[in-house]
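J.: Output the structure for:
(chains A and B)
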There are 2 protein chains.
Amino acid sequence: MAAKGWPVCSKSLKGVILDLCGVLYDCGEGGGVAISGSVEALKKLKASDLKLRFCTNESQEARATFVAKLQRLGFDISVSEVFSPAPAAVAALQQRGLRPHLLVCDGLLSEFDSVDKTNPNCVLIGDAAEKFSYQNLNKAFRILENLENPLLLSLGQGKYYKETDGLSLDVGAYMKALEYACDVKAEVFGKPSSLFFQSVLNDMGLQPHEVLMIGDDLVNDVGGAQQCGIKGVQVRTGKYRPSDETHQTVTADGTVDDLAQAVDMILSHRQ
Amino acid sequence: MAAKGWPVCSKSLKGVILDLCGVLYDCGEGGGVAISGSVEALKKLKASDLKLRFCTNESQEARATFVAKLQRLGFDISVSEVFSPAPAAVAALQQRGLRPHLLVCDGLLSEFDSVDKTNPNCVLIGDAAEKFSYQNLNKAFRILENLENPLLLSLGQGKYYKETDGLSLDVGAYMKALEYACDVKAEVFGKPSSLFFQSVLNDMGLQPHEVLMIGDDLVNDVGGAQQCGIKGVQVRTGKYRPSDETHQTVTADGTVDDLAQAVDMILSHRQ
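T.: The predicted model follows:
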């Protein structure tokens, strides 16, 4: 398909932020599969003078684990380039003296090694996948209900994501279930939080108008970036669906078939 | 504790609608336990000239099953007196040619024997309890997502209920999860739907002002009844919590300790 639109920032572009799942690869059993052309596209981007960061709402595994997985798929990526919700949440927990009951995948637990989890005074959920059992949700609910001021923290608010065998409910759906049951509003870490995008910009040392976000999630990637003043391009891979191109509240600054096409357009506009 | 308030309708009262779980008994493993004094209170009510119906959002078991359970606990109750969401949903499904994918407890399936479930064009959820697994929720989500016009039906929208071992999330929480993930608004059968209360009134042959609703759920029992013009009394058993007495949107017409106190007040006001 043809690319649709292209951000006017292209010529002044100094940096690119990439989402991971649905842009570089499709997640799923056995580590997922690289999206066609994305390994080469990332190589081209890295060979340019553009600053690059990865911004993901991945909350099933610790950064070291999923970065190693991406490296095995052929991607040139290191932990220090990756921003994910768990470290942002850990910083907030420690700063505010919060002791979470964690409902997250076992693979993410190591990110919380430094956090006091005794006698919980809040509940923190990530994309717990199979651990989102009836029993575990009831347990989280009961802890929240027993708190004088129930506090729910959520690593992202995604609705669903694409695995190799189909779409799966993301942490946002379970967040809504607990919000409704407990009459609370969750505090969200990760995309689309402006705080989260701002921390990436700070690390890059760039202004919003100098950066481009590329993601498959119209609301969390594109919409989140735009709220922060960053132009957002959507790829037609991952969880993209045609109805995204006529979405009621979020309009991407550009829509391209995949990362390969996005990188070709970025580099050609800079020549 | 003292009773608080009492509906002015008491002297013209011709009928009473009772919720089941949390009013007659606390549900849970092994059939639950009768709430102290409730067996005798129901006997007194039945010995009066008041018409009586039971209105429940029970959606784990077929009516025949949970009525038998209540009889074993000592309650004088028959299937024909009980209104529950499943039969109301079955009527709507058949009338509108809907073929549901069911996410309900095995014990409820028999209520849907007469319904065509091939090639689903909607998803219907009840309080599926342990069947609310990550896998089953994903399956329901994928079916909804593949429909051109996703249609979600829900047997009630309760937030939680009390089991003998603590509070458990009710169908409403899972309904909110699917609503959020699919961008849909569920169609709710059972309380607090006015259609549901109206069908009970029709069966009793009474006007709203001649009837009193007694329940433990402030929003679904009391609030639902009030929206239909029926006075609603809350009991301080089941899922009742002190904060209900200062709720922002629903104020019970009366609050009593339990069914026994409610029945004593009803009968004493009629003398």
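
J.: and A:K239, what helix or strand is that in?
T.: Secondary structure assignment for A:K239, by DSSP states H and E: no helix or strand.

J.: number of nearby residues for it?
T.: A count of nearby residues for A:K239, using other CB atoms under 10 Å in any protein chain shown, gives 21. C-beta here means a position set from N, CA and C on the backbone, and glycine is covered the same way.

J.: Was I right to think it contacts A:G22?
T.: Yes - counting by CB atoms under 8 Å, A:K239 does reach A:G22; the two are 5.4 Å apart.

J.: any shared contact partners between the two?
T.: Listed contacts common to A:K239 and A:G22 are A:161-162, A:216-217; contacts here mean CB atoms under 8 Å, 6 or more residues apart in numbering or on different chains.

J.: Report the lowest-confidence entry in those.
T.: Lowest-confidence member of these: A:K162, scoring 78 (pLDDT).

J.: residues touching that one, list them.
T.: The contact partners of A:K162, by CB under 8 Å, 6+ apart, come to A:21-22, A:26-27, A:168, A:238-239.

J.: Quick check, A:R53 in contact with A:V200.
T.: Yes - taking contacts as CB under 8 Å, A:R53 lies within contact range of A:V200: 5.3 Å.

J.: Overlap of the contact sets of the two?
T.: The contact lists of A:R53 and A:V200 share A:17, A:83, where a contact means CB under 8 Å, 6+ apart.

J.: Report the distance from the least confident helix or strand in chain A by mean pLDDT to the chain centre.
T.: Least confident helix or strand, chain A: strand A:160-163 with a mean of 82, by mean pLDDT, DSSP states H and E. Offset of strand A:160-163 from its chain centre (CA atoms, centre = their mean, to the nearest Å): 12 Å.

J.: before we move on, what about stretch A:230-240?
T.: Centroid separation between stretch A:230-240 and its chain, computed with CA atoms, centre = their mean, is 12 Å.

J.: Contact distance from chain B - what residues of the stretch 51-200 of chain A qualify?
T.: With CB under 8 Å from any CB of the partner chain as the criterion, the stretch 51-200 of chain A meets chain B at residues A:129-135, A:137-138, A:141-142, A:145, A:159-160, A:166-170, A:172-174, A:176-181.

J.: Among the residues you listed, name the buried ones.
T.: The neighbour count (16 or more other CB atoms under 10 Å in any protein chain shown) marks A:129, A:131-134, A:137-138, A:141-142, A:159-160, A:167-170, A:172-174, A:176-181 as buried among those.

J.: Narrow these to those in helices?
T.: Of the positions in those, A:134, A:137-138, A:141-142, A:172-174, A:176-181 sit in helices, assigned by DSSP state H.

J.: Pick the one among the residues you listed closest to A:G229.
T.: Among those, A:G172 lies closest to A:G229 (CB to CB), at 23.8 Å.

J.: Nearest residue to the closest one in space, ignoring adjacent ones along the chain?
T.: Excluding the flanking residues, the one nearest A:G172 by CB to CB, 6 or more residues apart in numbering or on different chains is A:Q157, at 3.9 Å.

J.: ditto for A:A89
T.: Closest residue to A:A89 apart from its sequence neighbours, by CB to CB, 6+ apart: A:F189 at 4.4 Å.

J.: Pull the contacting residues for the one you found.
T.: A:85-86, A:88-89, A:92, A:153-156, A:196.

J.: Can you select the buried ones among these for me in ChimeraX?
T.: Per 16+ other CB under 10 Å, the buried members of these correspond to this ChimeraX selection:
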select /A:85,86,88,89,153,154,155,156,196
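
J.: quick check, nearest of the contacts of A:F189 to B:S114?
T.: Using CB to CB, A:S154 is the member of the contacts of A:F189 that sits closest to B:S114, with 41.5 Å.

J.: Tell me the secondary structure at the closest one.
T.: Secondary structure, DSSP: H, G, I helix; E, B strand; the rest coil: A:S154 is strand.

J.: Report the angle between the host helix or strand of A:E145 and helix A:171-182.
T.: If you go by DSSP H and E, A:E145 is part of helix A:134-146. Counting by axes from the mean of the first three to the mean of the last three CA atoms, to 10 degrees, helix A:134-146 lies at 50 degrees to helix A:171-182.

J.: what about the helices in the stretch 151-271 of chain A?
T.: Along the stretch 151-271 of chain A, counting by DSSP state H, counting those that start in this stretch, helices occupy A:171-182, A:194-204, A:224-227, A:259-270.

J.: tell me which strands and helices the shortest one is in contact with?
T.: Identification of packing neighbours for helix A:224-227 by 3 or more CB pairs under 8 Å, 6 or more residues apart in numbering or on different chains; DSSP states H and E yields helix A:194-204, strand A:211-215, strand A:231-235.

J.: what sits against the nearest residue in space to A:L206 that is not next to it in sequence?
T.: Nearest non-adjacent residue to A:L206, counting by CB to CB, 6+ apart: A:G15, 4.8 Å away. Counting by CB under 8 Å, 6+ apart, A:G15 touches A:50-53, A:204, A:206, A:210-212.

J.: cool, and A:G224?
T.: For A:G224, the contact set (CB under 8 Å, 6+ apart) comprises A:191-194, A:196-197, A:213, A:232.

J.: can I get those in a markdown table with pLDDT?
T.: Compiled in a markdown table, the contacts of A:G224 are given as follows (pLDDT from 0 to 100):
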| residue | pLDDT |
| --- | --- |
| A:K191 | 94 |
| A:P192 | 93 |
| A:S193 | 92 |
| A:S194 | 91 |
| A:F196 | 92 |
| A:F197 | 95 |
| A:M213 | 97 |
| A:G232 | 97 |
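
J.: Any of these buried? List them.
T.: Neighbour-count burial (16+ other CB under 10 Å) is assigned, among these, to A:191-193, A:196-197, A:213, A:232.

J.: In CSV: those, plus distance to B:R99.
T.: Formatted as CSV, these follow (distance: CB to CB, whole Å):
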residue, distance to B:R99
A:K191, 38
A:P192, 37
A:S193, 41
A:F196, 43
A:F197, 44
A:M213, 42
A:G232, 40
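
J.: Tell me how many other residues crowd A:D106.
T.: If you count neighbours by other CB under 10 Å, A:D106 ends up with 11.

J.: cool, and A:K46?
T.: Number of residues near A:K46 (other CB under 10 Å) recorded here: 13.

J.: which secondary structure element contains it?
T.: Per DSSP H and E, A:K46 falls inside helix A:38-47.

J.: could you say what helices and strands the following helix or strand past that helix packs with?
T.: As assigned by DSSP H and E, the chain's next helix or strand after helix A:38-47 is strand A:51-55. Contact partners of strand A:51-55 among helices and strands, from 3+ CB pairs under 8 Å, 6+ apart: strand A:15-18, strand A:82-83, helix A:194-204.

J.: residues making contact with strand A:51-55?
T.: By CB under 8 Å, 6+ apart, the list of residues contacting strand A:51-55 reads A:14-20, A:45-46, A:77, A:81-83, A:191, A:196-197, A:200, A:203-206, A:213.

J.: Count residues in the vicinity of A:P242, would you?
T.: When neighbours are counted by other CB under 10 Å, A:P242 registers 8.

J.: next one: the one 3 residues further on
T.: A:E245 sits with 15 neighbouring residues when counted by other CB under 10 Å.

J.: Over to the one 5 residues further on?
T.: Using other CB under 10 Å, the number of residues around A:V250 comes to 19.

J.: ok, it touching A:V219?
T.: Yes - the criterion here is CB under 8 Å, and A:V250 meets it with A:V219 at 5.7 Å.

J.: thinking again about what came up before, give me the helices and strands touching the helix holding A:K46, please.
T.: When contacts are defined as 3+ CB pairs under 8 Å, 6+ apart, helix A:38-47 sits against helix A:259-270.

J.: Okay, buried residues for the helix it packs on please.
T.: By neighbour count with 16+ other CB under 10 Å, helix A:259-270 contains the buried residues A:259-263, A:265-267.

J.: Out of the residues you listed, which comes closest to B:T65?
T.: Taking CB to CB as the measure, B:T65 sits nearest to A:L259 out of the buried residues of helix A:259-270, at 54.7 Å.
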